[in-house]
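Undergrad: from the sequence below, what's the structure:
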Amino acid sequence: MAGWDAEVSADLRGLEQFIQRAKPALQQVVKVAAFNVERHAKEIVHVDTGATRASIHTSVQDDGLAASIGPTTSYARALEFGTHNRQAYPFMRPALEQERQAFQAAIIAALKQAGASG
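TA: Numbers count the residues shown, from 1 in each chain. Now for the predicted structure:
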C-alpha cells in the first residue's frame, strides 16, 4: 500500500538508571555464583596429589559482572575431559551445572528488584 507506513521503536529512556540500580546486586550475584562453583569443583575434583584442587581459583572481572573459575595445572583439561588412554573425571562442568539454576534465579530476582525500585 503506497503512502501507508507503520513505525516500531524502542524507548530506552531510563535504561541507564535501571542498569545503575541493578549493577550492585548483579555484581554480588556473579561473585556468589563464582565462588560457589569454585567450592563445589574443589569438593568433587578427582584427587591424586591435590595439586589440581589447590589450583582452582576464581577471578572476578569486567567491573564485577563476569568471573573466570578454573584450575591451572597442566593436566586439568585431561582430568576434566579424559584422553584416549585416561578416563574423564569431570569437575568443572558439574560444578557449573549445579550452580546454573540458582544463578539464573538470582539474576532474575536482582533485575526485578532493580525494576521495582525505579
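
Undergrad: now do the helices in the chain.
TA: Ranges of helices within the chain are 15-44, 51-55, 76-81, 92-116, based on DSSP state H.

Undergrad: state the distance from residue 117 to residue 24.
TA: 11 Å (Cβ to Cβ, to the nearest Å). No exception for glycine: its C-beta is placed from N, CA and C like everyone else's.

Undergrad: show me where this structure dips below the pLDDT cut-off.
TA: Along the chain, segments meeting pLDDT under 70 span 1-2, 118.

Undergrad: now with 80?
TA: Under the criterion pLDDT under 80, the flagged ranges of the chain are 1-4, 11-12, 117-118.

Undergrad: follow-up on the earlier one: for the helices of the chain, give me CSV that also has mean neighbour count and distance to residue 4.
TA: Formatted as CSV, those follow (neighbours: other Cβ atoms under 10 Å; distance: least, Cβ to Cβ, whole Å):
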stretch, mean neighbour count, distance to residue 4
helix 15-44, 16, 31
helix 51-55, 17, 65
helix 76-81, 16, 58
helix 92-116, 15, 36
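
Undergrad: export those helices to JSON lines and append columns for distance to residue 5.
TA: Converted to JSON lines, those look like this (distance: least, Cβ to Cβ, whole Å):
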{"stretch": "helix 15-44", "distance to residue 5": "26"}
{"stretch": "helix 51-55", "distance to residue 5": "60"}
{"stretch": "helix 76-81", "distance to residue 5": "54"}
{"stretch": "helix 92-116", "distance to residue 5": "32"}
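
Undergrad: to residue 70, which of the ones you listed lies closest?
TA: Checking the helices of the chain against residue 70 by Cβ to Cβ gives helix 92-116 as the closest, at 6.3 Å.

Undergrad: now do that closest one: which elements does it pack against?
TA: helix 15-44, strand 66-70 (3 or more Cβ pairs under 8 Å, 6 or more residues apart in numbering; DSSP states H and E).

Undergrad: find the nearest non-adjacent residue to residue 35, please.
TA: Excluding the flanking residues, the one nearest residue 35 by Cβ to Cβ, 6 or more residues apart in numbering is residue 58, at 5.7 Å.

Undergrad: try residue 79
TA: Distances taken as Cβ to Cβ, 6+ apart place residue 89 nearest to residue 79, at 5.4 Å, with adjacent residues excluded.
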